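>>> Here is the input, now give the coordinates:
(chains A and B)
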Amino acid sequence: MATTTQAPEVALAAALDPAAVAGAARGTLLRLATAGSVDDGKSTLVGRLLHDTKSVLSDQLAAVERVSRDRGLTAADLALLTDGLRAEREQGITIDVAYRYFATANRSFVLADCPGHVQYTRNTVTGSSTADVVVLLVDARKGVLEQTRRHLAVTALLRVPHVIVAVNKIDLVDFSQEVYDRVEAEVQAVARELGVEDAIAIPVSALDGDNVAERSTRTPWYSGPSLLELLESLPPSDDPANESFRLPVQLVIRPQGAARDPQFRDYRGYAGQVASGVVRVGDEVVALPSGKRTTVTGIDLGESTLDEAFAPQSVTLRLADEIDISRGDVIAAAADAPEPTQDIKAVVCWLGDAPLRPGQRLLLKHGSRTVQTAVRTLDGALDLDDLHAVPSESLSLNDIGLVTLRLASPVPVENYSTSRRGGSFLLIDAHDGRTVAAGMVGATLPTAADAPSEPEGDEEWEI
Amino acid sequence: MTTTTKTVDTQADPVTGVDDATTATAYEEASSSDRRLSQLDALEAEAILVIREMAGELERPALLFSGGKDSVVMLHLATKAFWPAPIPFPVLHVDTGHNFPEVLAYRDETVERLGLRLVVASVQDYIDDGRLRERADGTRNPLQTMPLLDAINDNRFDGVFGGGRRDEEKARAKERIVSLRDEFGQWDPKNQRPELWNLFNPRHRPGEHVRVFPISNWTEVDIWRYIEREDIPLAPLYYAHEREVFRRDGMWLAVGPYSQPRDDEPVETRLVRYRTVGDMSCTGAVESPATTNADIVLEVAASTLTERGATRADDRISEAAMEDRKKEGYF
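Numbering: from 1, shown residues only, chains lettered A, B, ... in the order given. Next up, the predicted model:
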């Protein structure tokens, strides 16, 4: 973990400078999601982060102040900046993810403020699935609650690259280092059991802004960075050069007589987003599941021609041979291609209202391919109290379980631990089209035989 | 030249900032060598992914095209997504009858230039035959929902691309990229479909449809930086021009056939531009000297008001005006 820190004044001054804000579009994009139990202060922290980075515009702040005043509050309730639905404001809770945007001098942030209620866990899974970093809030007075465990389990399963634990409401425990140390140790123990080895903890008061944008003078015993400093210094995503090339084909581009320019009548290209890795003109590739090999002869992005493309660029590949490739196929590096399979073991987060049962038939969407699937067996469900897999007959809404699936045709899945894109899939109810599960190929659940104190928890999640 | 080095450096040259490889900055050179996409390139890649995926999944999609900046960016992205093939679906415009004439002219030129099929749903037709009634406040933005839903049904569109962005408004901040509408066109914000990773699922029952928002994660500044970088032509009213305006509800409204000043609202000629383009009766202009895209990028970045807060009377009806309209099937 890089610990380079930037003085918060610098970041704030930059946020105020329009040229810097306009220029931030050249910086990298970091996707951030909140997690934690209800009333731990997620929306307030997000509101504070937006407010203290000068990302709240005057009409938005005026609206929040007006509503707060109408409710008899003496200070603006910053949670109202993201709790935008009528029902959320009525109940003072977050129901679904709110997306907000802010930028500092060198980074732009997409911020997903997620709900805490167990009932809305599927929305938290939605917000976390694309996150580069999850900020898990814990109330310093309450410590680890069931939803803290559930959200940490989800974060670990989704393999979110970075986890920050914000021990919140530190003002309500008189900025006590003793309380902070105890809560941090408790969270870190759960995190380690779930395989999160490098969670970084920060004492914060979302309400007052301590250690949110600026370091607080009220926690002299804490010498680490503020939350914003940490977010600015997190290393960006992995270099695609270290991954294997994969491109799920979304469309075959064949304009024929419809080409607006006659020189493209014979154009044939395979359009998709590079899911991982790098591809260059001249590379040997293989189409999956057919296994036919060919060579990349051109890479197009709109009218521009590229020498190479890398994840996550959306491009169109031209190939040397007219082999049979259609939507749903995967073009992969020939030297290092995944083996298509009809049998997979996976961990699923069940998001459907009706329970999952063995024998059930569903649709599975992986990349751009959708195939029929049957649930062969349910091999266990995660017990959130002792964080171990237990035998189970079915999975209910928000349960996490291990399943064995049989697919109607071979699909080139990869282990989720190797590739988030190559190892993730949806389960879909064919009757009404609903998404009922998020699946991670090759993930496993800790079993009761594993000693809970064993620090190598990470391996329990991989095969 | 790869697209990663195509970004223009507004800091170095905020006035002329045109698409010119010589202005590429050291950062972009670094980012192309270590293969990390700039924020704008990442947003473009995500939008193209969504557009292609829905074109692959849906039977009969359409793209909402008003001639406004966000829908223009959408069309530009769609052009890139399918190049060199044409955009494989029609564009749909809900015409309030109170549109700015220069926006309609721009709409028609663009449709012609790209060889698109245009479907128009007319609010005026609905008012003329009594299916809709004019509102007391004269604004027609909320009246667009019924013609929109009818056009979706009549054309059997199963998916509609929209240029809605999450940073525009607090109800839009809650929206999925692919968002289900029931058989009445209603959005149920309390029970949205989970949306995981980059796997988009638009499946639905007959009679339902999806709204698709590929530029969900773009902010207003991103839109302008992209327009600048890609040199996308826009309707002229987005740039500073002199116009006869009058002050109402803290906004400058244009004097026109659908918005006449009252006796206590003196008419002035001001240098203005439009930050958003909607119904002429409820869309305000902002005072601005910005004549180029680069000027506008800087102006928007420095603004202390949101674009809708600065320019839309229809959002001021209540705390949840947009949510209420969206629940009924609005854009």
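>>> Mind splitting chain A into its structural domains?
A:8-233, A:240-336, A:341-461 (automatic domain parsing).
>>> Output the ones you listed as a markdown table; include the columns distance to chain B, mean pLDDT and mean neighbour count.
Any C-beta I mention is one placed from the backbone N, CA and C, and that applies to glycine too. Formatted as a markdown table, those follow (distance: least, Cβ to the nearest Cβ, whole Å; pLDDT from 0 to 100; neighbours: other Cβ atoms under 10 Å in any protein chain shown):
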| stretch | distance to chain B | mean pLDDT | mean neighbour count |
| --- | --- | --- | --- |
| domain A:8-233 | 3 | 85 | 21 |
| domain A:240-336 | 4 | 95 | 19 |
| domain A:341-461 | 3 | 88 | 19 |
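>>> Which among the ones you listed is found nearest to B:Pro206?
B:Pro206 lies closest to domain A:341-461 among those, at 10.4 Å (Cβ to Cβ).
>>> And the closest one, how far out from the chain middle?
Distance of domain A:341-461 from the chain centroid (Cα atoms, centre = their mean, to the nearest Å) equals 17 Å.
>>> quick one: B:Leu305 is in a helix?
No: under DSSP: H, G, I helix; E, B strand; the rest coil, B:Leu305 sits outside any helix and is assigned coil.
>>> if I look at it, how far off is chain A?
5 Å (Cβ to the nearest Cβ, to the nearest Å).
>>> what do you get for B:Arg133?
26 Å.
>>> And for that residue, nearest residue in space, chain neighbours not counted?
Nearest residue to B:Arg133, sequence neighbours excluded (Cβ to Cβ, 6 or more residues apart in numbering or on different chains): B:Ile127, at 7.0 Å.
>>> try A:Glu284
A:Ala334 (4.1 Å).
>>> got a list of what the one you found touches?
A:Ala334 makes contact with A:283-286, A:293, according to Cβ atoms under 8 Å, 6 or more residues apart in numbering or on different chains.
>>> tell me the contacts of the residue nearest the centre of chain B?
When Cα atoms, centre = their mean is applied to chain B, the residue found nearest the centroid is B:Asp70 (2.9 Å). B:Asp70 makes contacts with B:163-165, B:215, B:223, as judged by Cβ under 8 Å, 6+ apart.
>>> any idea which of those is closest to chain A?
Relative to chain A, the closest of these is B:Arg165; by Cβ to the nearest Cβ it sits at 9.3 Å.
>>> Give me the phi and psi for B:Asp249.
phi 50, psi 40 (degrees, to the nearest 10).
>>> Run a quick neighbour tally on it.
B:Asp249 has 9 neighbours, counted by other Cβ atoms under 10 Å in any protein chain shown.
>>> Distance check, it against chain A.
12 Å.
>>> Surely the residue nearest to B:Arg133 is in contact with B:Gly97?
Yes: using Cβ atoms under 8 Å, B:Ile127 is in contact with B:Gly97, at 7.3 Å.
>>> May I have the helix of greatest length in chain A exported as PDB, CA atoms only?
Scanning chain A for the helix with the most residues, using DSSP state H, yields helix A:177-193. Coordinates of each C-alpha in helix A:177-193 appear next as PDB, following Å, rounded to 0.1, in the frame of the first residue of the first chain:
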ATOM      1  CA  GLN A 177      -7.900   5.600  21.200                       C
ATOM      2  CA  GLU A 178      -8.800   2.600  23.400                       C
ATOM      3  CA  VAL A 179     -12.300   2.200  21.800                       C
ATOM      4  CA  TYR A 180     -10.800   2.700  18.400                       C
ATOM      5  CA  ASP A 181      -8.100   0.100  18.900                       C
ATOM      6  CA  ARG A 182     -10.700  -2.400  20.200                       C
ATOM      7  CA  VAL A 183     -13.100  -1.900  17.300                       C
ATOM      8  CA  GLU A 184     -10.300  -2.000  14.800                       C
ATOM      9  CA  ALA A 185      -9.000  -5.300  16.100                       C
ATOM     10  CA  GLU A 186     -12.500  -6.700  16.000                       C
ATOM     11  CA  VAL A 187     -13.100  -5.700  12.400                       C
ATOM     12  CA  GLN A 188      -9.600  -6.800  11.300                       C
ATOM     13  CA  ALA A 189     -10.200 -10.300  12.900                       C
ATOM     14  CA  VAL A 190     -13.400 -10.700  10.900                       C
ATOM     15  CA  ALA A 191     -11.800  -9.400   7.800                       C
ATOM     16  CA  ARG A 192      -8.900 -11.800   8.000                       C
ATOM     17  CA  GLU A 193     -11.200 -14.700   8.500                       C
END
